[in-house]
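A.B. asks: mind looking at a prediction? Sequence and model below.
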Amino acid sequence: MKFMHAIAVTVLAVGLAACTKSKQVQPDAGAQTAVTTTDGATTSGLGNQPAMGSNAAGAMTAQQQAVAELNARNTVYFAYDSSEIQSEYVPVVAAHAAYLAKYPGAKVRLEGNTDERGSREYNIGLGERRAQTVRKALMLQGAADSQITTVSYGEERPAAEGHDEAAYAQNRRVVLVQIQ
Amino acid sequence: MRSDFLRSRFRLQGVALLWLALLAADPANAQLRLDITQGVRDAVPIAVVPFGGQEASAATDVAAIVANDLKLSGRFAPLDRADMVTRPTTGGAIRFQDWRLLKSDFIVVGRVEPDASGSAVTFELFNVQTGQPLLTQRLTTAERGMRATAHRISDAIYERLTGIPGAFSTRVAYISVEGRPPAQRYRLVVADADGYGPRTIMESPEPIMSPAWSPDGQSLAYVSFEGKASAIYVQRLATGERRRVSARSGINGAPAWSPDGKRLALTLSRDGNLDIYTLDLATQTLARVTSDDAIDTEPEWSADGKTLYFTSDRAGNAQVYQVALDGAREAKRLTFTNSYNARPRLSPDGQSLALVTLDRGGYRIATFDLKTRNLRVLTDSTQDESPSFAPNGAVIIYATEGGGRGSLAMVSSDGQFQQRLSSERGDVRDPVWSPYPRR
């Protein structure tokens, strides 16, 4: 049993290292507004820097910096029983789409989730439907089909514990995970 | 008829009594401790007298297991040992007036004796009022062990008194989750139907869901996200050996065994939509069953293996449908009451479906009569899901929420009594009742 625990902890630690940033995002309408106004600046800022140059001193490349910024804002939240992207999250999707369009070798995994209400396998379907909606939006904005994979966790991986509307609102989400 | 008398006693609405009973004989063994927290008023009083030939140090107390099984069924109220003035071990030694004074309706006495191949257990069941013997059996423990023998005795007594076969020799599989998001750990567990001896079949830092017993009770199919995406595995319980039977791109979900055990119905999203397929396990041949833009999932086979019941939201919200596997494959909608019906499971007699319904704002367990099309809501909480029939059809186990954690509960299929089974650690969910063991 202890051996299995050690394996599980190791696997989990590796998994967490890859995903840490993506799990920390909270919905915050104010921050979203800020992104909207600077969104254009971010894109053009990237364009001004030398493309894909690697820095001998080990500082982040432009692409790595872009990913870091995307990871800070990579979750789209949904209304109850809906898979529609609400207007406040359109910039989130747009930023990821722009990155994918710019770096054709980049890949993103869309993780669809639901709140806990209703049956589990049906919620797998709902999570997938949300991920597919984000996929279509990304492709409309320049991402290629081959850059996108989707996975649905249904209600199985909640971001927030709790059985109230506040927790439910945090769990109805698609996380856009940039995988290098 | 005696069983009619008993059945009429059970036809009672009533507030449940609150009482606790420990199921696991050895708490150190039981990682999951199932405590009965709600019983039923007017359960039939029965005295199960400690069996002879068992010292206080006996590892397996047969009478205690039998009493506990009968109590778990919700239909019997075993007499406390402390109230037993005498402890007869044979029918001839019973003074029935003693037990009438204690208000027992029935009495069970027995004894354990050495036998060529181990032990033999003999028991006798009597009607206390009339002194009439109802049942006597002698069982040897050789192959099965003492605990299994005790459950067989419970099965025999239960059937003699209710007319319904007992389900005490069966098992339950469920998922147990510990830790807090995002660091949760998932285990697939199998325990006896009384909660004893939980055994971890598989564990993972990634979600496990939808366990399903093969019809022969030898294997479990389940969904695992261990590969970072969902895949379906079939694991043989005796050996632990497992095969990954579906890892197609996209979703692999909701495995359901055909009645002959040769096929799985399952869900795939490989064509961009979540649809139902059947998979021949020997040949790995896939056959598509649904093909539309809706979410189609949670397939369940009819008893003749020719149709599937399933959940679909093709009408705008989740409802239960039926589709024939041959021919035109036109799905027929079955449920029209309430705005959400999902996760159909067929009763052992094939007459009804257990399902999850959204009833007055709460997700509850209901049965749907396939003849009358009547929906009957059985539970009254808000987050009930995953109903599964015991193989005798008398009881449904399901997942519910208690004290902020997922726990299991049982409700009789006629809704007359409920029991909540609270767990010590973590969240328990996705319970599924095994078939009868092979004899």
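C.D. replies: Happy to help now that I have it.
A.B. asks: so where does B:S176 fall, helix or strand?
C.D. replies: Using DSSP states H and E, B:S176 sits within strand B:171-178.
A.B. asks: how about the helices in the chain?
C.D. replies: Chain wasn't specified; assuming chain A. Here chain A has its helices, by DSSP state H, at A:2-19, A:29-48, A:62-72, A:90-102, A:120-140, A:165-171.
A.B. asks: I was after chain B.
C.D. replies: For chain B, the helices defined by DSSP H occupy B:2-10, B:62-72, B:96-101, B:146-162.
A.B. asks: which of these sits most buried?
C.D. replies: Ranked by mean neighbour count under mean count of other C-beta atoms under 10 Å in any protein chain shown, these are led by helix B:62-72, which reaches a mean of 25. For glycine as for every other residue, the C-beta is placed from the backbone atoms N, C-alpha and C.
A.B. asks: and it, what does it pack onto?
C.D. replies: Applying 3 or more C-beta pairs under 8 Å, 6 or more residues apart in numbering or on different chains; DSSP states H and E, we find helix B:62-72 packed against strand B:44-48, strand B:76-78, strand B:106-115, helix B:146-162.
A.B. asks: quick one: pLDDT of the nearest residue to B:G145 once chain neighbours are set aside?
C.D. replies: Nearest residue to B:G145, sequence neighbours excluded (C-beta to C-beta, 6 or more residues apart in numbering or on different chains): B:T60, at 7.8 Å. The model reports B:T60 with a pLDDT of 91.
A.B. asks: touching, B:A59 and B:A150? I think so.
C.D. replies: No - with contacts counted by C-beta atoms under 8 Å, B:A59 stays clear of B:A150, the gap being 11.7 Å.
A.B. asks: now the strand holding B:S176: buried residues?
C.D. replies: Buried positions in strand B:171-178, judged by neighbour count with 16 or more other C-beta atoms under 10 Å in any protein chain shown: B:171-177.
A.B. asks: break chain B into its domains for me.
C.D. replies: Chain B resolves into domains spanning B:43-162, B:171-433 when parsed by automatic domain parsing.
A.B. asks: tabulate those (JSON lines), appending distance to A:R109.
C.D. replies: Listed next are the domains of chain B as JSON lines, based on distance: least, C-beta to C-beta, whole Å:
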{"stretch": "domain B:43-162", "distance to A:R109": "45"}
{"stretch": "domain B:171-433", "distance to A:R109": "9"}
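A.B. asks: so which of the buried residues of strand B:171-178 comes closest to B:T200?
C.D. replies: Nearest to B:T200, judged by C-beta to C-beta, of these is B:S176 at 8.1 Å.
A.B. asks: from chain A, how far out is B:R111?
C.D. replies: Distance, B:R111 to chain A, using C-beta to the nearest C-beta, to the nearest Å: 39 Å.
A.B. asks: ugh, wrong one, B:L378
C.D. replies: Distance of B:L378 to chain A, computed by C-beta to the nearest C-beta: 16 Å.
A.B. asks: least trustworthy helix or strand in chain A by mean pLDDT?
C.D. replies: helix A:29-48 (a mean of 33; mean pLDDT, DSSP states H and E).
A.B. asks: residues of the stretch 101-250 of chain B that sit close to chain A?
C.D. replies: Listed as neighbours of chain A in the stretch 101-250 of chain B under the rule C-beta under 8 Å from any C-beta of the partner chain: B:180-185, B:203-205, B:207, B:209-210, B:225, B:228-230, B:250.
A.B. asks: just these: which are in strands?
C.D. replies: Among those, the ones falling in strands (DSSP state E) are B:185, B:203-204, B:209-210.
A.B. asks: quick one: these as JSON lines, columns for neighbour count and pLDDT too.
C.D. replies: Below are those laid out as JSON lines (neighbours: other C-beta atoms under 10 Å in any protein chain shown; pLDDT from 0 to 100):
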{"residue": "B:R185", "neighbour count": "18", "pLDDT": "94"}
{"residue": "B:E203", "neighbour count": "19", "pLDDT": "96"}
{"residue": "B:S204", "neighbour count": "18", "pLDDT": "97"}
{"residue": "B:M209", "neighbour count": "24", "pLDDT": "98"}
{"residue": "B:S210", "neighbour count": "24", "pLDDT": "98"}
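A.B. asks: what does stretch B:365-378 rub up against?
C.D. replies: Here stretch B:365-378 makes contact (C-beta atoms under 8 Å, 6 or more residues apart in numbering or on different chains) with B:320, B:334-338, B:341, B:344, B:347, B:350-357, B:359, B:364, B:379, B:384, B:387, B:396, B:398, B:411, B:413, B:415.
A.B. asks: pull the CA atoms of it into CSV?
C.D. replies: Extracted C-alpha coordinates of stretch B:365-378, given in CSV (Å, rounded to 0.1, in the frame of the first residue of the first chain):
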residue,chain,number,x,y,z
ILE,B,365,-34.0,8.5,-7.2
ALA,B,366,-37.2,7.3,-8.9
THR,B,367,-38.6,4.1,-10.5
PHE,B,368,-40.3,4.2,-13.8
ASP,B,369,-42.8,1.4,-14.5
LEU,B,370,-42.3,0.2,-18.1
LYS,B,371,-45.9,-0.9,-18.5
THR,B,372,-47.8,1.9,-16.8
ARG,B,373,-45.2,4.6,-17.6
ASN,B,374,-45.7,5.9,-14.1
LEU,B,375,-42.8,7.7,-12.5
ARG,B,376,-42.5,7.2,-8.7
VAL,B,377,-40.0,9.3,-6.7
LEU,B,378,-38.4,7.3,-3.9
